[in-house]
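Asker: structural data only, the sequence is not supplied:
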């Protein structure tokens, strides 16, 4: 993470959910570290089982300058003169615009913007990939996340969109809010 860290502490998932839902009362720009296991990466690969990396690829990712506890509808409407109405989410809000409960799992809601920076480290068969050719082949085989057709319909270009990003709590490794970092202890 690029952020200067003033303090770091450890919380289990339940403590972190409680902190995010009760202590955070305004929009924050945050940085996160998270991991995606082989099953998660398989869903992103073009060609499914025919992809040379299917069943072998995982990653660790850092995202910097994400919005947390933002109002999606208001955020999109600030970018357009037309009325934008957000669709309902899959699952239910445990805390509006913060935390979602879906199919027995907890998800934290973030928003990517054009200011969001990303860094990805790939692991192939559990070994970090450093070869530039292999990394290039991996990227070519990953589905590009599309923009919102609904935001495009109200005149917002893909690169200017506010993109919701729901991260399963079990994949979140670390979150930094206002230079205070929390490492997640998974049980």
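Answerer: Received the coordinates, thanks. Being a predicted model, the structure only gives us computed values, none of them experimental. Numbers count the residues shown, from 1 in each chain.
Asker: pLDDT below threshold where in the protein?
Answerer: 1-6 (pLDDT under 70).
Asker: pull out the buried residues from stretch 79-94.
Answerer: 79, 84, 91 (16 or more other C-beta atoms under 10 Å). Every residue, glycine included, has its C-beta placed from N, CA and C.
Asker: any chance you could map the helices in this protein?
Answerer: Per DSSP state H, the chain carries helices over the ranges 13-22, 38-42, 72-77, 132-140, 149-153.
Asker: make a markdown table out of the ones you listed and add distance to residue 185.
Answerer: Shown next, in a markdown table, are these (distance: least, C-beta to C-beta, whole Å):
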| stretch | distance to residue 185 |
| --- | --- |
| helix 13-22 | 8 |
| helix 38-42 | 20 |
| helix 72-77 | 30 |
| helix 132-140 | 30 |
| helix 149-153 | 37 |
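Asker: so for residue 101, which of these sits nearest?
Answerer: Smallest distance to residue 101 across the helices of the chain (C-beta to C-beta): 9.8 Å, for helix 13-22.
Asker: need the buried residues of stretch 79-94 in CSV (columns: distance to residue 179).
Answerer: What follows is these, written out as CSV (distance: C-beta to C-beta, whole Å):
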residue, distance to residue 179
79, 28
84, 33
91, 31
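Asker: please identify which of those is nearest to residue 45.
Answerer: Taking the buried residues of stretch 79-94 together and measuring to residue 45 by C-beta to C-beta, the closest member is residue 91, at 25.0 Å.
Asker: isn't the closest one right up against residue 106?
Answerer: No. Using C-beta atoms under 8 Å, residue 91 is not in contact with residue 106, being 9.5 Å away.
Asker: need the overlap of contacts for these two.
Answerer: Common contacts of residue 91 and residue 106, defined by C-beta atoms under 8 Å, 6 or more residues apart in numbering, comprise residue 100.
Asker: hang on, the earlier thing: who wins for proximity to residue 126 among the helices of the chain?
Answerer: Set against residue 126 and scored by C-beta to C-beta, the helices of the chain come closest in helix 38-42, at 9.4 Å.
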